[in-house]
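In: can't give you the sequence, but here's the structure:
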């Protein structure tokens, strides 16, 4: 693999440590100033690794898929997709549960490649949704660039003892 070449592939159990590292680093960077600092500081990649290993080994369900962006030396990011979990979801609707990138890779096209993979792999017969914190303007801009728009659904999510507004985006 070339120096700047990244492949997107299905994640395996062996990717759990790297996925958890990326997950925590991305949260700590992306949500700084949005989520309470003590909550972000307390995030533990080792604890998250155990959950990711279990998820990748047995999955929460068979129809959840996770991909990683891999440069041959390390995992740069990941995305997970499965059936939409909202009450108003249609039978064929799917949801992006997570898409996170090592903050050092932001702006280098890796998230775009992950999103393109997700879009090519999901069912074309339903909508694709995701939830994003309202104050996460960087992520909201990224989703709009990929054809997602807010559909009017909102919910409060508690993180670190604080209620934060999340908005749902939809494509299709």
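Out: Perfect, thanks for sending it. Just so we're clear, the structure is a prediction, and the values are computed from it rather than from any experiment. Residues are numbered from 1 along each chain as shown.

In: The helix or strand of the chain with the lowest mean pLDDT: how far from the chain's middle?
Out: Across the helices and strands of the chain, mean confidence by mean pLDDT, DSSP states H and E is lowest for helix 45-58: a mean of 92. With Cα atoms, centre = their mean, to the nearest Å as the basis, helix 45-58 stands 15 Å off its chain's centre.

In: Quick one: list the elements packing against it.
Out: Secondary-structure packing of helix 45-58 (3 or more Cβ pairs under 8 Å, 6 or more residues apart in numbering; DSSP states H and E): helix 16-30. C-beta here means a position set from N, CA and C on the backbone, and glycine is covered the same way.

In: buried residues in the next helix or strand after the helix it packs on?
Out: Note on helix 16-30: by DSSP states H and E, the next helix or strand toward the C-terminus is helix 37-42. Judged by neighbour count (16 or more other Cβ atoms under 10 Å), helix 37-42 contains these buried residues: residue 40.

In: contacting residues around helix 37-42?
Out: The contact list for helix 37-42 (Cβ atoms under 8 Å, 6 or more residues apart in numbering) reads 27, 28, 31, 32, 159, 160, 161.

In: centre of the chain versus that helix, how much separation?
Out: With Cα atoms, centre = their mean, you get 19 Å for helix 37-42.

In: Kindly report the same for stretch 25-35.
Out: With Cα atoms, centre = their mean, you get 13 Å for stretch 25-35.

In: And it, end to end?
Out: Start-to-end span of stretch 25-35 (Cα to Cα, to the nearest Å) is 14 Å.

In: Tell me, how many residues neighbour residue 54?
Out: Per other Cβ atoms under 10 Å, the neighbour tally for residue 54 reads 13.

In: With residue 16 as the reference, measure out to it.
Out: 8 Å (Cβ to Cβ, to the nearest Å).

In: same check, this time on residue 95
Out: 21 Å.

In: do residue 34 as well
Out: According to Cβ to Cβ, residue 34 and residue 16 sit 26 Å apart.

In: Those two: who's more crowded?
Out: The neighbour comparison of residue 34 against residue 16 (other Cβ under 10 Å) goes to residue 16, with 21 against 15.

In: so what's residue 29 up against?
Out: Listed by Cβ under 8 Å, 6+ apart, the contact set of residue 29 reads residue 103.

In: rerun that using 10 Å as the cut-off
Out: For residue 29, the contact set (Cβ atoms under 10 Å, 6 or more residues apart in numbering) comprises 40, 100, 101, 102, 103, 104, 106, 138.
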